[in-house]
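*Asks:* Generate coordinates for the sequence data below:
(one chain, ligands or ions: 1)
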Amino acid sequence: MSMIALNCPDIEVVVLDINEERIKAWNSEQLPIYEPGLEEVVRQCRGRNLFFSSDTTKHLAEADMIFVSVNTPTKTSGIGAGKAADLTYWEGAARMIAAVATTPKIVVEKSTVPVKTAEAISKVLKRNCTDPSVTFEILSNPEFLAEGTAIEDLRMPDRVLIGGGDSEAGQAAIKQLAWVYAHWIPQERILTTNLWSAELAKLTANAMLAQRISSINSISALCEATGADVQQVARAIGMDSRIGSKFMNTSVGFGGSCFQKDILNLCYVCEGVGLKEVADYWMKVVTMNDYQKQRFVERVISAMFNTVARKRLAIFGFAFKKDTGDTRETPAIDVCRGLLADGAKCVVYDPKVTPVQVFRDLSAPKFEWDRPHGWGKSERHITENVQVVADPYACAEGAHAICVLTEWDEFKSYDYQRLYDSMVKPAFIFDGRNVLDHEALRSIGFIVYALGKPLDPFLQKSY
Ligand code: UGA
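*Replies:* Numbering: from 1, shown residues only. Here you go, the predicted model:
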């Protein structure tokens with residue numbers, strides 16, 4: 001919305017949230033999320049044509065176009081628990097819009113939703129609006145930006161996708177939204193489709209991206225078993241233009257608020273229409289991701305003489321990727337839980353993640369992160385065995401091992417000799433992102449494990 005405000009000075013954008021604390025933060029000097037470049041954009045537009053408010057009644061009534069970007073978490077109970085999207089917040093937003101609408105509205109789905117959600121939302125809007133003369137047109141306009149590069153992705157997206165109804169009114173609504181984007185995006189990158197295609201394209205894009213990571217991660221395991229090098233394999237296959245080189249970095253597992261959730265959703269939709277084989281196929285992408293995290297934990301434990309009980313492990317990075325403070329579904333959660341279960345003491349350092357977030361994540365039940373009040377109780381085991389520090393050198397001091405779980409650039413430039421000198425020997429580094437200079441680390445004396453790389457002789461014996 002900030003980028004729309006930046007590029008469309010003739011449009012007034014009001015960002016609404018029922019959470020007043022969040023709105024206060026958006027209006028303050030300290031924005032509630034970290035995203036490179038966002039602060040500058042907000043500063044430029046805030047108070048000009050970009051406003052943050054919790055007065056939903058006033059602004060929903062006044063708006064011509066409403067983008068709904070509420071969370072759509074995975075259901076934790078009832079039918080479809082653990083797979084289906086929980087549309088409670090979406091439905092709540094629709095009811096709120098219907099209650100105050102007195103003029104025609106274009107309602108734009110920005111949240112990722114299951115296919116055919118627009119149809120359901122349309123019913124909620126129409127049946128709940130007391131003024132029968134009010135018309136609602138629903139559009140699906142899924143977002144393809146990635147965190148950490150959001151501003152750049154929005155400045156020049158590969159494409160903008162707008163799905164809408166076939167009727168004249170539907171087509172007119174598509175045109176209006178396309179006009180907004182046309183302020184800065186070349187016409188040929190603005191695609192229009194029917195509603196269901198747009199909704200399904202979003203789920204499929206994320207499923208295909210995640211599938212690439214699970215594919216290369218599966219090969220990383222085979223590389224370790226055979227002495228091949230996954231980066232060499234990825235480079236060789238990525239040069240085939242049909243395959244391409246992007247999204248081919250092996251990792252300790254993909255995270256983020258979308259990949260797993262959207263695949264689970266896709267599977268649920270497939271099952272709902274009787275396509276069990278299709279659902280099973282996509283489910284394997286998630287299974288492989290869980291295997292990769294578990295495999296990493298087992299590697300750490302087996303390398304360290306089959307136990308990490310009472311050993312201090314330095315966790316470098318907790319965010320699900322670099323350049324963000326976001327920890328939703330970060331692989332670090334499952335890896336730390338696995339290590340804690342074996343008795344380890346985890347000391348976490350991340351340049352952007354706060355201690356309270358780390359404790360919340362490690363104590364929250366699965367799928368609860370996307371609910372405003374769903375945090376689990378802080379388990380004593382977590383608070384006693386997890387420490388979060390603000391400095392990488394303090395993190396590694398007295399540690400038996402360093403586990404790199406996020407690919408932050410700053411990890412590459414640390415003084416590893418100094419880190420080594422302060423650690424218990426043998427000192428291990430488990431590079432879950434393949435970002436460090438492994439040869440240099442070996443020459444310092446570290447025992448290095450890197451995903452999908454020929455195994456260090458020390459590790460061959462122990463595994
Ligand atoms: C992802 C998609 O890339 C966006 O196109 C989409 O709009 C977004 O989800 C969404 O649906 O909101 P995001 O989750 O922000 O974006 O970040 P990604 O860059 O896709 O990374 C996801 C995870 O995959 C991270 O944990 C990352 O470390 C991991 N990853 C990525 C790898 O393990 N290897 C790679 O080669 C690339």
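*Asks:* Remind me what the lengthiest helix in the chain packs against, helices and strands.
*Replies:* Counting by DSSP state H, the longest helix found in the chain is helix 195-226. On a contact count with 3 or more CB pairs under 8 Å, 6 or more residues apart in numbering; DSSP states H and E, helix 195-226 meets helix 117-128, strand 136-140, strand 160-164, helix 230-238, helix 259-272, helix 276-303. Any C-beta I mention is one placed from the backbone N, CA and C, and that applies to glycine too.
*Asks:* Parallel or antiparallel, which strands does the next helix or strand after the longest one pair with?
*Replies:* Spelled out, it's helix 276-303. Per DSSP states H and E, the first helix or strand lying C-terminal to helix 276-303 is strand 312-316. Paired strands of strand 312-316, with direction, are strand 345-349 (parallel), strand 401-404 (parallel) (DSSP bridges).
*Asks:* tell me the mean pLDDT over the longest one?
*Replies:* Read it as strand 345-349. Here strand 345-349 scores 98 as its mean pLDDT.
*Asks:* Check which helices and strands the helix or strand following it is in contact with.
*Replies:* Per DSSP H and E, strand 345-349 leads on to helix 355-363 as the next helix or strand towards the C-terminus. Judged by 3+ CB pairs under 8 Å, 6+ apart, helix 355-363 is in contact with helix 331-341, helix 380-385, strand 386-388.
*Asks:* re the thing from before, do you know which of the helices and strands packed on helix 195-226 lies nearest the ligand?
*Replies:* helix 259-272 (5.8 Å; CB to the nearest ligand atom).
*Asks:* Relative to the whole chain's centre, how far out is the closest one?
*Replies:* Remark: helix 259-272 is offset 16 Å from the chain centroid, using CA atoms, centre = their mean, to the nearest Å.
*Asks:* What are the buried residues along that helix?
*Replies:* 259-271 (16 or more other CB atoms under 10 Å).
*Asks:* go on, stretch 47-67?
*Replies:* 49-52, 56, 59-60, 63, 65-67.
*Asks:* does residue 294 really touch residue 341, like I thought?
*Replies:* No. Using CB atoms under 8 Å, residue 294 is not in contact with residue 341, being 11.1 Å away.
*Asks:* returning to that earlier point: now for the helices and strands packed on helix 355-363, which one comes closest to residue 400?
*Replies:* Nearest to residue 400, of all the helices and strands packed on helix 355-363, is helix 331-341, at 11.2 Å by CB to CB.
*Asks:* Could you confirm whether any residue of the closest one contacts the ligand?
*Replies:* No. Helix 331-341 lies out of reach of the ligand by CB under 6 Å from any ligand atom, never closer than 6.6 Å.
*Asks:* how about that helix: buried residues?
*Replies:* 331-340.
*Asks:* could you redo the residues you listed as TSV and give each row pLDDT?
*Replies:* Formatted as TSV, the buried residues of helix 331-341 follow (pLDDT from 0 to 100):
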residue	pLDDT
331	98
332	98
333	97
334	96
335	97
336	97
337	95
338	96
339	97
340	95
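*Asks:* so which of those residues would you say is closest to residue 162?
*Replies:* Looking across the buried residues of helix 331-341 and measuring by CB to CB, the closest to residue 162 is residue 331, at 33.4 Å.
*Asks:* Can you tell me how far the closest residue to the closest one other than its chain neighbours is from the ligand?
*Replies:* Excluding the flanking residues, the one nearest residue 331 by CB to CB, 6 or more residues apart in numbering is residue 253, at 3.7 Å. Remark: distance between residue 253 and the ligand (CB to the nearest ligand atom, to the nearest Å) = 7 Å.
*Asks:* Repeat that for residue 144.
*Replies:* Distance from residue 144 to the ligand, counting by CB to the nearest ligand atom: 4 Å.
*Asks:* ditto for residue 346
*Replies:* From residue 346 to the ligand the distance is 19 Å (CB to the nearest ligand atom).
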